[in-house]
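In: Provided below are the primary sequence and the corresponding predicted coordinates.
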Amino acid sequence: MKNIKSVLTILSFGFLFSLVVSAQTLTALDGGKVDVQSQKGKIVVLAIGASWLPLSNQQALITNKLAKKYAGREVVIYFVATDSTSAKSKNYASDDELSDFVTRNKLTVAVLRDSEGGQTLKKYGVDQLPSFVILDKDGKPATEAFGGIGTDPKNDVTIHIAQAIDKIL
């Protein structure tokens, strides 16, 4: 009986450890912590970009369109900034610089920091910026990342992202 209890205890710790490791907690500009995967029952859209990247301005427009379209529904949208928090990096952006990017682009969603994309890019297999990742209602990736954001109205990524969200809703 002791052996069974020991095995169950070890398995319980292993399960809890796997939950902690798989969680993705990012810091919001206001200093709060957000676990993007723990929002069960909601679809989470991550707009992954950087304030120094010119295409992120276009991404901000797309993000705002999606936020407006899905307002009041079970969809949460975040802008995940991969700007470095190290002043020695060429991709560095202070919180003030990131706030300026938010203001310039009139971003209407919460902004989370993932310095250098260390968590987000690897976790979701994102290989280009800017990109969008959609997490289903269980916090798992629902599709491959949407990248290739451009200015061609014939290939509006907003339509493709909205179709993917609508399938899950």
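Out: It's in.
In: Now do the helix or strand containing D166: everything it contacts.
Out: For D166, the host element (DSSP states H and E) is helix 157-168. The contact list for helix 157-168 (Cβ atoms under 8 Å, 6 or more residues apart in numbering) reads 43, 45, 62, 65-66, 69-70, 75, 132, 134, 136-137, 142-143, 146, 148-150. In this view, the C-beta of every residue, glycine as well, is placed from N, C-alpha and C.
In: Now that helix: buried residues?
Out: By neighbour count with 16 or more other Cβ atoms under 10 Å, helix 157-168 contains the buried residues 157-158, 161-162, 164-165.
In: from those residues, which is closest to D114?
Out: I161 (19.7 Å; Cβ to Cβ).
In: just to confirm, which helix or strand has the residue nearest the centre of the chain in it?
Out: In the chain, the C-alpha closest to the average C-alpha coordinate belongs to L46, at a distance of 2.9 Å (Cα atoms, centre = their mean). Using DSSP H and E, the secondary-structure element containing L46 is strand 43-49.
In: Now do that strand against helix 157-168, angle only.
Out: 160 degrees (axes from the mean of the first three to the mean of the last three Cα atoms, to 10 degrees).
In: Who are the packing partners of strand 43-49?
Out: Contact here means 3 or more Cβ pairs under 8 Å, 6 or more residues apart in numbering; DSSP states H and E; on that basis strand 43-49 packs against helix 55-69, strand 75-81, helix 120-124, strand 131-135, helix 157-168.
In: just to revisit the earlier point, how about the contacts made by the residue lying closest to the residue nearest to the centre of the chain once chain neighbours are set aside?
Out: Closest residue in space to L46, ignoring its immediate chain neighbours: V133 at 4.4 Å, by Cβ to Cβ, 6 or more residues apart in numbering. Neighbouring residues of V133 by Cβ under 8 Å, 6+ apart: 45-46, 48, 120, 124, 126, 141, 145-146.
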